[in-house]
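J.: Model the following, please.
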Amino acid sequence: MSTSTPRRALVTGASSGIGAATVRRLRAEGWDVVATARRADRLAALADQTGADTIVADVTDDADVARLAAQVADGGPLDALVNNAGGAFGLDPVESSSLDHWRQMYELNVLGTLRVTQALLPHLREGDGGDIVVVTSTAAHGTYEGGAGYVGAKHAERMLATTLRWEILGEPIRVIEIAPGAVATEEFSMVRFDGDSERAAAVYAGYEPLVADDVADAIAWTLGRPPHVNIDLLVVRPRAQASNNRIVRTDA
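T.: Numbering: from 1, shown residues only. The predicted model follows:
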């Protein structure tokens, strides 16, 4: 991990929410950051705001990820990879849930993380060491009604991170899982409920949820630990939330 020059990170899913907040936080702490996502306009705005470098890429596309890895390598050493790209689609019971939604969630949350990690791990190995952060969810640690597809995908993503930690043990590379609970971002629930703003707002009604900056703070904290300290798992929830389906709400 370089100390003479700014550390450099790649953040996926950086066009909004936790990804964008992480880019802002790391830039504020002096990191060089490469932000990647599919939406060029969002990335351009983030670059103007933060000075981050940007690469438009889709983590579900093999060719895009290969191009992303090549461009990151051309830009210099890499100290950290933050696998943040992910999302949920639908909240339907197992008996009536959409197979297409399940495929999308597995492709994005699991195979997207796998593609990017496989592509960037050799580059992380070229330096003095580095970090791989995997942003999962408390859905990776417990289920809830209507969540089987997302829960299944996040459990698989968690096992990817845990297994990688074991497989590269002894190398100077840390593997860190961040598992947020309820986080009110501008898009997560809107995407999940196909643009239904009332359903999206109801998820966060009656209590104070986390915001993207809270999770970015947790990510930056884990990356800032001394190199011999590996935060294997950090679960971050609102005070009002004890589990995926146990939230104390006040009357409006």
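J.: C-alpha from now on. contacts and neighbour counts both.
T.: Noted.
J.: And for residue 70, the neighbour number?
T.: 14 (other Cα atoms under 10 Å).
J.: For it, give me phi and psi.
T.: Per-residue torsions, residue 70: phi -70, psi -40 (degrees, to the nearest 10).
J.: Identify all contacting residues around stretch 144-161.
T.: For stretch 144-161, contacts defined as Cα atoms under 8 Å, 6 or more residues apart in numbering pick out 87-89, 91-94, 101-102, 105-106, 109-110, 113-114, 134, 136-137, 139-143, 175-177, 244-245.
J.: How about exporting it as CSV, limited to the C-alpha atoms?
T.: C-alpha atoms of stretch 144-161 as CSV (Å, rounded to 0.1, in the frame of the first residue of the first chain):
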residue,chain,number,x,y,z
TYR,A,144,-37.3,-11.8,4.6
GLU,A,145,-40.7,-12.3,2.9
GLY,A,146,-40.6,-11.4,-0.8
GLY,A,147,-36.8,-11.1,-0.8
ALA,A,148,-35.7,-14.6,-1.9
GLY,A,149,-34.2,-13.5,-5.2
TYR,A,150,-32.2,-10.6,-3.7
VAL,A,151,-31.3,-12.5,-0.6
GLY,A,152,-30.1,-15.5,-2.6
ALA,A,153,-27.9,-13.2,-4.8
LYS,A,154,-26.5,-11.4,-1.8
HIS,A,155,-25.7,-14.6,0.0
ALA,A,156,-23.8,-15.8,-3.1
GLU,A,157,-21.9,-12.5,-3.2
ARG,A,158,-21.1,-12.9,0.5
MET,A,159,-19.7,-16.4,-0.1
LEU,A,160,-17.6,-15.0,-3.0
ALA,A,161,-16.0,-12.5,-0.7
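J.: How far off centre is it?
T.: For stretch 144-161, the gap between its own C-alpha mean and the chain's C-alpha mean amounts to 14 Å (Cα atoms, centre = their mean, to the nearest Å).
J.: in it, what's buried?
T.: Using 16 or more other Cα atoms under 10 Å as the test for burial, stretch 144-161 gives 146-158, 160-161.
J.: where exactly do the strands run in the stretch 1-150 of the chain?
T.: 8-11, 32-37, 53-56, 80-83, 130-135 (DSSP state E, counting those that start in this stretch).
J.: need the ones you listed in a markdown table with distance to residue 21 and mean pLDDT, can you?
T.: Output for these, formatted as a markdown table (distance: least, Cα to Cα, whole Å; pLDDT from 0 to 100):
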| stretch | distance to residue 21 | mean pLDDT |
| --- | --- | --- |
| strand 8-11 | 10 | 98 |
| strand 32-37 | 11 | 98 |
| strand 53-56 | 15 | 98 |
| strand 80-83 | 12 | 98 |
| strand 130-135 | 13 | 98 |
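J.: In TSV: these, plus mean neighbour count and distance to residue 121.
T.: Output for the strands of the stretch 1-150 of the chain, formatted as TSV (neighbours: other Cα atoms under 10 Å; distance: least, Cα to Cα, whole Å):
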stretch	mean neighbour count	distance to residue 121
strand 8-11	25	12
strand 32-37	24	16
strand 53-56	21	18
strand 80-83	25	9
strand 130-135	26	8
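J.: and of those strands, who's closest to residue 120?
T.: Closest approach to residue 120 among the strands of the stretch 1-150 of the chain (Cα to Cα): strand 80-83, 7.7 Å.
J.: partner strands of the closest one, parallel or antiparallel?
T.: Paired neighbours of strand 80-83 in the sheet (DSSP bridges): strand 8-11 (parallel), strand 130-135 (parallel).
J.: Would you mind identifying the next helix or strand past the helix or strand of the chain with the lowest mean pLDDT?
T.: Here the helix or strand of the chain ranked lowest by mean pLDDT, DSSP states H and E is helix 188-192, holding a mean of 72. Per DSSP states H and E, the first helix or strand lying C-terminal to helix 188-192 is helix 197-202.
J.: what's the following helix or strand after that following helix?
T.: Following helix 197-202 in sequence order, the next helix or strand is helix 212-223 (DSSP H and E).
J.: which is the next helix or strand following that following helix?
T.: strand 233-236.
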